[in-house]
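> this is a predicted model, with the sequence first.
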Amino acid sequence: MTRAIQVVKNGGWLALLAMFAPALALAQEAAPALSSGDTAWMLTSTALVLFMTIPGLSLFYAGMVRAKNVLSVMMQCFAITGLITVLWVLYGYSLAFDTAGMTKEAINLATFVGGLDKAFLSGVAREGLTGTIPETVFVTFQMTFAIITPALIVGAFAERMKFSAMLVFMAIWFTIVYAPICHMVWSGDGALMWDWGVLDFAGGTVVHINAGLAGFIACLMIGKRRGYPTTAMPPHNLNFTIIGASMLWVGWFGFNAGSALASNASAGMAMLVTQIATATAALAWMFAEWMTHGKPSVLGIASGAVAGLVAITPASGTAGPMGALLIGVASGVICFLAATKMKRALGYDDSLDVFGVHAIGGIIGAILTGLCADVSLGGAGLAEGMTIGSQLWIQAKGVIFTLAYTGILSFVILKIIDVVMGLRVTDEQETEGLDLALHDERGYNL
Amino acid sequence: MKLITAVIKPFKLDDVREALSEVGAQGVTVTEVKGFGRQKGHTELYRGAEYVVDFLPKIKVEVGVTDDLADRVVEVISRAANTGKVGDGKIFICDLENAIRIRTGESGPEAL
């Protein structure tokens, strides 16, 4: 994602980067100048990614909860959009993308998190550039990623978490988990996972594994919904869910093809492989369900599409069409097994399958990124001196580090909030439904 | 006068309505209801979670008729709502003490 910045800032890295961003490499020859084509695409992409959270993800989730909690989920997504926007401006962008003090291979504080030089967006001038686009556009584009990541976690603890505790959790989690991970993967030379050579084009580790595991920890710590799994809790409106999934699918072109930070060949291929992997995964989940349960379902095909979108995310800058087919099949089938068989076998109540779809799909994608980047699978090619084996190991290292980091910190944050203010609504509120109990409103006045 | 109450499969409603107007029933009241009989319920499956739904949707048709028309009405409903499968429904027949047309105050068979 931030390769474009690096191309401009570090000519020395050009050889490696050129493979991933050939058009930008050419732009390097001249002094960086604003490209109106790149800027137009990034303005569009930014709007598309925001559209993924509101209303895409909101509808996807809201359809899967019971009618008495429909507003609570939409409210959580909407409030997160506001909260993270403000925090991003105050200090989030700086923690994620301030590169002061970073030197390649050197380990210091800036390896893990950015400083506060860009707090309150200081230095982000009207005319300033990031690569070939205005820095204002880059700030907003990255902001939409920071918004959707916490919003994804909402699905894990839906229908039972206190709204106030949710806001506090998201603010702290964004600050000490999202921003540092984003920094370590994307901020360039001197950042931990960037230096390792982890390939994560659009956010397999930063967004999906990160949110997926945080959701898993949250659902374990908050506990099951009352009555789960003996009481029926069927989705109340799958129309919302399939509309939301469709919006996610379309919005994801901004997410993945936008992560090229330019309107170029890399963006074009990202768009193509995103479409291929998503369609493949949707069919793979549908057929897997058809074979095991006897009927294809709407919830199944929509979930499969999202699993495919998640899995192709880290690979979208390096994989080719054949790699996308592979990633689509793998994520569709494995996420199906995770969200149905594994969840039931282990008995946790990850209400809307944030772990089964985002963490598992993210891990499949992150690992297969290492494989599919190779030219033998039609990929863009590995960095010089890398073999498939060594790239796979680096990908695995990135996954393990992200899991450990987000797992431990999410646990600590939730534990503290639980002690200080409590995580969960009362039994009475939960039975009444969060819409009435927490918001004094009803989704349906029929 | 008789009150005939038929609980039928929802997709048979149009057939029943047509058959009723053919035999001269002047009005009918229709309600969406749920229940179970020998058909039992069905199962729904969401991401591997299986729910047994005990009550199935049915349509309740109520029609008040004169005594001489009652047998004929029961007969056409039975024919129109029949699929030959479990779950076709039931018809209940009660004596109807009186009926009043609200607009005019007429009562008895005149009001039907």
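Arrived safely, thanks for sending. In this text, all values refer to a predicted model and were calculated from it rather than measured experimentally.
> residue numbers of chain A in contact with chain B?
A:229, A:232-235, A:293, A:295, A:297, A:299-300, A:303, A:339-341, A:343-344, A:353 (CB under 8 Å from any CB of the partner chain). Using the backbone N, CA and C atoms, a C-beta is placed for each residue, glycine as well.
> again, 6 Å this time
Within chain A, the positions adjacent to chain B are A:232, A:234, A:235, A:293, A:299, A:339, A:340, A:344 by CB under 6 Å from any CB of the partner chain.
> just those now: which is nearest chain B?
residue A:340 (2.8 Å; CB to the nearest CB).
> just give the number of residues close to the nearest residue to that closest one once chain neighbours are set aside.
Nearest non-adjacent residue to residue A:340, counting by CB to CB, 6 or more residues apart in numbering or on different chains: residue B:48, 2.8 Å away. Using other CB atoms under 10 Å in any protein chain shown, residue B:48 is surrounded by 19 other residues.
> against residue B:89, how distant is residue B:48?
Separation of residue B:48 from residue B:89 (CB to CB, to the nearest Å) stands at 33 Å.
> what do you get for residue A:217?
According to CB to CB, residue A:217 and residue B:89 sit 51 Å apart.
> try residue A:372
With distances taken as CB to CB, residue A:372 is found 57 Å from residue B:89.
> who has more neighbours, the two?
The residue with more neighbours, out of residue A:372 and residue B:89, is residue A:372; 29 against 22, by other CB under 10 Å.
> for the more buried one, which non-adjacent residue is closest in space?
residue A:323 (2.9 Å).
> name the residues that touch the helix or strand harbouring the one you found?
Per DSSP states H and E, residue A:323 falls inside helix A:321-337. Defining contact as CB atoms under 6 Å, 6 or more residues apart in numbering or on different chains, one finds that helix A:321-337 is touched by A:273, A:276-277, A:280-281, A:284-285, A:288, A:304, A:307-308, A:311-312, A:315, A:356-357, A:360-361, A:364, A:368, A:372, A:377-379.
> measure residue A:230 to residue A:237 for me?
Distance of residue A:230 to residue A:237, computed by CB to CB: 23 Å.
> ok, these two, which is more surrounded?
Set residue A:230 next to residue A:237 and count neighbours by other CB under 10 Å: residue A:237 wins out with 18 against 6.
> please name the nearest non-neighbouring residue to that one.
residue A:63 (4.6 Å).
> list the helices and strands the helix ranked longest in chain A packs on?
The longest helix of chain A (DSSP state H) is helix A:388-420. Contact analysis of helix A:388-420 by 3 or more CB pairs under 6 Å, 6 or more residues apart in numbering or on different chains; DSSP states H and E lists helix A:163-173, helix A:210-222, helix A:360-372 as its packing neighbours.
> re the thing from before, the residue nearest to residue A:340 touches residue A:343, doesn't it?
No - contact criterion CB atoms under 6 Å: residue B:48 and residue A:343 do not qualify, at 7.3 Å.
> need the strands for chain B, in chain order.
Secondary structure of chain B, counting by DSSP state E: strands at B:2-8, B:29-35, B:42-46, B:49-53, B:56-65, B:89-95.
> to chain A, which of these lies closest?
Smallest distance to chain A across these (CB to the nearest CB): 4.1 Å, for strand B:49-53.
> which other helices and strands does the closest one contact?
strand B:42-46.
> okay, how far is it across stretch B:84-96, tip to tip?
Using CA to CA, to the nearest Å, the end-to-end distance of stretch B:84-96 comes to 30 Å.
> buried stuff in it?
Residues of stretch B:84-96 classed as buried under the neighbour-count rule (16 or more other CB atoms under 10 Å in any protein chain shown) are B:88, B:89, B:91, B:96.
> could you show which parts of chain B are in contact with chain A?
So chain B meets chain A at B:45, B:46, B:47, B:48, B:51 (CB under 6 Å from any CB).
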